[in-house]
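Trainee: model this:
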Amino acid sequence: MTTEIHTLVGAYVLDAVDDIERASFERHLRECDSCRLEVDEFRETTAQMAHDTWSVPPPWLRDNVMSEISRTRQAPPVIPEAPAAPPVRGVSRRRWLVSAAAVVVAAAGAGSAVYVVQDQRVRDQRQIAEAARVDQARVRQILAAPDVVLNEQPVSSGGRVTVASSRLHNAGVVLLAADAAPAGRVYQLWTIRGGGDPVNAGVLADGQSADVVVVEGLPGASDVAVSLEPPGGSAQPTSTPVADVKLT
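Mentor: So this is what the prediction gives:
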């Protein structure tokens, strides 16, 4: 019997061993008083950890455990050559409690990580929903403005782009409803002011062919253009626009 078999105590109690390891360890338990004692203590403490009071470890637990581990030798029990002497319960229990507490801290850390990820997802979804609500309110505000001006043009690849602009709100809404973009291309919106370079006003996702985009400061632009670009968009148009709506 090798000394490595002693290291299976925790895994055995937590049912984290395969059938071969379980059979070998159970045979070993019939011969090893020290391991039997640790198994009993492990089961007693895991039962305590299952109680609600262990669901959230106290904040000081990690520091205490790490400090204790640095002072405690982590080694399997020694197999006695002669008839086994009565085990020193205090030492065995102390060693095991340090290991068990480390397991609790690791489990709590994993649980906290899952909670953080889930909580972040909830916050992200709330932010997305809030941003959508604000955009919808802004769209309604612009379209209902008493000075709103509508301009539209067909998209050469199929579909239509409509621009609603309000000087009162110093903003506009671009409504694109186009046919599907060619493979490997996406629609990108641009605003053009006078003779300046086109400025990105929004890139549609791969496979997306319709969108409603609020453009702040749009009344100062002369054109709203749509082009077909590589996925993710371009810094400047790389092809002839498929639509160019004149605003002035």
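Trainee: Mark out where each domain of the chain begins and ends.
Mentor: Using automatic domain parsing, the domains assigned to the chain come out as 3-116, 149-246.
Trainee: part of a helix, is Leu189?
Mentor: No. Counting by DSSP: H, G, I helix; E, B strand; the rest coil, Leu189 falls outside a helix, being strand.
Trainee: which residues does the closest residue in space to it that isn't next to it in sequence contact?
Mentor: Spatial nearest neighbour of Leu189, excluding adjacent residues (Cβ to Cβ, 6 or more residues apart in numbering): Ala201 at 4.1 Å. (Glycine included, C-beta is placed from N, CA and C.) Shown in contact with Ala201 (Cβ atoms under 8 Å, 6 or more residues apart in numbering): Val174, Leu189, Trp190, Thr191, Val213, Val215, Val224.
Trainee: Farthest-apart pair in those, please.
Mentor: Trp190 and Val213 (11.2 Å; Cβ to Cβ).
Trainee: So between these two, which is more surrounded?
Mentor: Using other Cβ atoms under 10 Å as the criterion, Trp190 and Val213 rank with Trp190 on top: 23 against 19.
Trainee: Break down the protein into its strands, ranges please.
Mentor: In chain order, the chain shows strands spanning 149-154, 159-166, 171-178, 186-192, 199-203, 210-216, 223-229, 243-246, with DSSP state E as the criterion.
Trainee: Run a quick neighbour tally on Val39.
Mentor: Using other Cβ under 10 Å, Val39 has 19 neighbouring residues.
Trainee: pretty sure it contacts Leu8?
Mentor: No. Assessed by Cβ atoms under 8 Å, Val39 is found out of contact with Leu8, at 9.9 Å.
Trainee: any residues in contact with both of the two?
Mentor: Between them, Val39 and Leu8 share no contacting residue, judged by Cβ under 8 Å, 6+ apart.
Trainee: ok, back up a step: please convert the contacts of Ala201 to TSV, extending it with distance to Asp197.
Mentor: Formatted as TSV, the contacts of Ala201 follow (distance: Cβ to Cβ, whole Å):
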residue	distance to Asp197
Val174	18
Leu189	15
Trp190	9
Thr191	10
Val213	19
Val215	16
Val224	14
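Trainee: of all the residues you listed, which comes closest to Gln125?
Mentor: Taking Cβ to Cβ as the measure, Val213 is the one of those closest to Gln125, at 21.5 Å.
Trainee: need the contact list for that closest one.
Mentor: Val173, Val174, Leu176, Leu189, Ala201, Gly202 are the contacts of Val213 under Cβ under 8 Å, 6+ apart.
Trainee: ok, those vs Pro154, which is closest?
Mentor: Distance to Pro154 across the contacts of Val213 (Cβ to Cβ) is lowest for Leu176, with 11.7 Å.
Trainee: hang on, the closest one packs against Ala225?
Mentor: No. Contact criterion Cβ under 8 Å: Leu176 and Ala225 do not qualify, at 11.3 Å.
Trainee: Identify the contacts common to these two.
Mentor: Here Leu176 and Ala225 share the contacting residues Leu189, scored by Cβ under 8 Å, 6+ apart.
Trainee: Can you list the buried residues in stretch 33-45?
Mentor: Within stretch 33-45, the residues that qualify as buried are Ser34, Cys35, Leu37, Glu38, Val39, Glu41, Phe42, Thr45, counting by 16 or more other Cβ atoms under 10 Å.
Trainee: separation between the residue nearest to the fourth one when sequence neighbours are not counted and Pro182?
Mentor: The shortest distance from Glu38 to any non-neighbouring residue, by Cβ to Cβ, 6+ apart, is to Val9 (4.8 Å). The span separating Val9 from Pro182 equals 64 Å under the rule Cβ to Cβ, to the nearest Å.
Trainee: do Val214 as well
Mentor: Going from Val214 to Pro182 by Cβ to Cβ gives 27 Å.
Trainee: before we move on, back to that, quick check: the residue nearest to Leu189 vs Arg167, distance?
Mentor: For Ala201, the distance to Arg167 - Cβ to Cβ - is 18 Å.
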